[in-house]
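Peer 1: Got a sequence here, can you model it:
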Amino acid sequence: MADHCPLCQRPKKSPSEFCDFHYAVQANLERAYAVWCKSFGDNLTIGDYYARLEKKDETGAAVKVLIQYLRNKGGVA
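Peer 2: Numbers count the residues shown, from 1 in each chain. Got it, this is the predicted structure:
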């Protein structure tokens with residue numbers, strides 16, 4: 001379904017591939033990466049960032065699902 005979020009099948013937020021909820025999750029994930037880079041140094045790769053988040057108990061299910069989707073899509077090592 002091209003007009004639905006690939007993670008939950010809700011209607012997409014145009015022009016994103018995600019619904020409003022997962023679009024917000026992605027935006028928060030990207031903003032937090034910039035903060036983490038300031039804390040851990042610019043050598044923190046997006047793959048390392050995702051791996052660290054996945055290991056944290058505090059990381060929500062929506063974030064983990066989005067990370068897995070992005071990995072499967074081929075955008076992240």
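
Peer 1: Could you use CA atoms for every contact and neighbour count after this?
Peer 2: OK.

Peer 1: Work out for me the element residue 36 sits within.
Peer 2: Secondary-structure assignment from DSSP states H and E places residue 36 in helix 20-40.

Peer 1: Tell me the first helix or strand C-terminal of that helix.
Peer 2: Helices and strands here follow DSSP H and E; after helix 20-40, the next one along the chain is helix 46-55.

Peer 1: any low-confidence regions in the protein?
Peer 2: Using pLDDT under 70 as the threshold, the predicted model of the chain has low-confidence ranges 1, 75-77.

Peer 1: Apart from its neighbours in sequence, what residue is nearest residue 37?
Peer 2: In this structure, residue 37 finds its nearest non-sequential neighbour in residue 44, 6.0 Å apart by CA to CA, 6 or more residues apart in numbering.

Peer 1: Quick one: neighbours of the one you found, just the number.
Peer 2: A total of 15 residues lie near residue 44 under the criterion other CA atoms under 10 Å.

Peer 1: Cross-check the contact I'm expecting between it and residue 38.
Peer 2: No: applying CA atoms under 8 Å as the test, residue 44 and residue 38 come out as separate, 9.3 Å apart.
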